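Student: Dropping a prediction and its sequence here:
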Amino acid sequence: MYYLETNICIVDQDLLDNAINLSAVNEQATKLVSSRSLKDEFEAAWLLKAITCIDLTTLAGDDTSSNVTRLCRKAARPLPEDLLNYLGFEYDGDCPIRTAAICVYPSKVKAAVETLQALGLQDKINVASVATGFPCGQTPLFTRLEEIKWAVKQGAKEIDIVIDRSLVLTGQWVTLFNEIKEMRQACEDAHMKAILAAGELTNLSNVYKASMVAMMAGADFIKTSTGKESINATIPIGIVMCRAIADYYRKTNFKVGLKPAGGIKTSKDAVNWLIMIKEILGDAWLTPELFRFGASGLLSDLEHRLYQIVTGKIAEPHEFSIG
Ligand SMILES: O=C[C@H](O)COP(=O)(O)O
């Protein structure tokens with residue numbers, strides 16, 4: 001079915017043609033983003049689902065241990081008590097809703113692990129670390145592998161690796177496969193998400209092939225973007241990656257997850273992605289084990305929209321403050 005021969009990525013041509021058919025991708029993308037009316041209670045359920053699928057992210061040059069600590073507290077209690085009460089949750093100090101993970105640079109893994117341990121949530125919220133020369137992946141392979149091993153030693157349960165885009169752009173599929181496979185081994189028991197930086201891969205055919213190579217090399221998730229490219233998680237890219245995951249599942253019976261990341265900021269974005277997953281991959285993927293949002297700014301809009309839904313009005317800014 002899919003295999004690599006010298007430097008050629010051989011994929012089932014019919015599946016590839018079907019997956020990247022531009023007019024079909026655009027048609028599906030238009031349908032997904034066209035306004036739909038959801039009953040309030042259904043929308044609230046989608047938004048709560050979205051929160052549980054977030055890798056709450058900070059990947060900034062000025063990250064400090066204290067802002068990572070704050071991020072962990074936010075992951076542990078993403079919604080304020082009054083909103084949880086409005087939504088019908090009993091709140092007894094143990095928040096019933098949490099984000100799936102927090103995502104940080106390797107140097108901040110320890111601070112995150114220690115905070116989650118102090119909160120008693122180390123088994124409930126994973127620490128994900130980017131690695132392998134994030135965001136560009138332009139460092140020697142041995143340092144990229146060492147970075148993974150170091151992040152795992154610090155306590156990361158998930159590693160978000162970046163692929164070397166130049167290997168895709170120059171058609172070095174075997175080298176790409178071998179590198180990702182070595183990265184998978186370096187992750188040991190940690191889950192590996194392979195960031196394709198799809199916006200830099202020139203065309204959807206490369207996005208589909210890179211998705212396949214990453215899955216064949218053992219990626220547990222494929223992730224659209226680092227959030228640092230000029231084109232990040234677009235709906236057409238998401239559709240092609242979902243189709244690759246679906247094709248891979250049909251051929252191997254192995255479920256690989258999807259993580260869109262970069263520029264996902266609104267409740268509407270979140271619902272569009274969840275509906276895409278439901279339509280292309282099915283309900284089995286609508287779980288944090290197989291779907292994540294990589295997002296630094298999505299949570300506040302989800303909270304804002306939930307307030308609107310439960311109170312039937314636009315919330316005042318002070319209503320959103322989280323202590
Ligand atoms: O991996 C996650 C991304 O870097 C987050 O991107 P964002 O800051 O645009 O939400």
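Tutor: That came through, no problem. Residues are numbered from 1 along each chain as shown.
Student: and the residue of the chain found nearest the ligand, what does it touch?
Tutor: Taking C-beta to the nearest ligand atom, the ligand has its nearest neighbour within the chain at residue 227, 2.5 Å off. Yep, even glycine has a C-beta here, placed from its N, CA and C like the rest. By C-beta atoms under 8 Å, 6 or more residues apart in numbering, the contact set of residue 227 is 57, 59, 135, 261-263, 294, 296.
Student: ok, and of the residues you listed, which contact the ligand?
Tutor: When contact is defined as C-beta under 6 Å from any ligand atom, the contacts of residue 227 meet the ligand at 57, 59, 261-263, 294, 296.
Student: Let me have the residues you listed in CSV, adding pLDDT, neighbour count and secondary structure as columns.
Tutor: Conversion of these to CSV gives the following (pLDDT from 0 to 100; neighbours: other C-beta atoms under 10 Å; DSSP: H, G, I helix; E, B strand; the rest coil):
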residue, pLDDT, neighbour count, secondary structure
57, 98, 24, strand
59, 98, 19, coil
261, 98, 24, strand
262, 97, 25, coil
263, 96, 20, coil
294, 98, 30, strand
296, 96, 20, coil
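Student: Pick out the most distant pair among these.
Tutor: 59 and 263 (13.3 Å; C-beta to C-beta).
Student: Could you pull out the buried residues of the lengthiest helix in the chain?
Tutor: Criterion DSSP state H: the longest helix present in the chain is helix 235-252. Neighbour counts over helix 235-252 (16 or more other C-beta atoms under 10 Å) mark 235-249 as buried.
Student: same for it, what does it pack against?
Tutor: Contacts defined by 3 or more C-beta pairs under 8 Å, 6 or more residues apart in numbering; DSSP states H and E place helix 235-252 against helix 13-20, helix 22-33, helix 204-216, strand 221-223, strand 257-259, helix 267-280.
Student: the inter-axis angle of it versus helix 204-216?
Tutor: Computed by axes from the mean of the first three to the mean of the last three C-alpha atoms, to 10 degrees, the angle separating helix 235-252 from helix 204-216 equals 40 degrees.
Student: Which residues does helix 235-252 contact?
Tutor: The contact list for helix 235-252 (C-beta under 8 Å, 6+ apart) reads 1-2, 12, 15, 18-20, 25-26, 28-29, 32-33, 196, 198-199, 204, 207-208, 211-212, 215, 222, 224, 231, 254-258, 260, 272-273, 276-277, 280-281, 285.
Student: Please state the offset of that helix from the chain centre?
Tutor: Put simply, helix 235-252 sits 15 Å off its chain's centre (C-alpha atoms, centre = their mean, to the nearest Å).
Student: Now do the contacts for the residue nearest the centre of the chain.
Tutor: Geometric centre of the chain, nearest residue: residue 259, 2.5 Å, by C-alpha atoms, centre = their mean. Residues in contact with residue 259 (C-beta under 8 Å, 6+ apart) are 55, 160, 193, 221-224, 291-294.
Student: returning to what we had before: so which of the helices and strands packed on helix 235-252 is nearest residue 47?
Tutor: When these are compared (using C-beta to C-beta), the closest one is helix 267-280, at 5.8 Å.
Student: could you give me the average pLDDT of that closest one?
Tutor: For helix 267-280, mean pLDDT is 95.
Student: now the angle from that helix to helix 22-33?
Tutor: 120 degrees.
Student: contacting residues around stretch 262-275?
Tutor: Defining contact as C-beta under 8 Å, 6+ apart, one finds that stretch 262-275 is touched by 32-33, 38, 43, 46-47, 49-50, 53, 199, 224-229, 232-233, 235, 238, 260, 286, 291, 293-295, 297-298, 301-302, 304-305.
Student: make it 6 Å
Tutor: 32-33, 46-47, 50, 225, 227, 232-233, 260, 293, 295, 297-298, 301-302, 305 (C-beta atoms under 6 Å, 6 or more residues apart in numbering).
Student: chain center to it: distance?
Tutor: The answer for stretch 262-275 is 12 Å, by C-alpha atoms, centre = their mean.
Student: Buried ones in that stretch, by neighbour count?
Tutor: 262-264, 267, 269-275.
Student: State the distance from residue 175 to residue 168.
Tutor: 10 Å (C-beta to C-beta, to the nearest Å).
Student: quick one, which of those two is more surrounded?
Tutor: residue 168 (23 against 16; other C-beta atoms under 10 Å).
Student: Tell me if the more buried one really is in a strand.
Tutor: No. Applying DSSP: H, G, I helix; E, B strand; the rest coil, one finds residue 168 to be helix, outside a strand.
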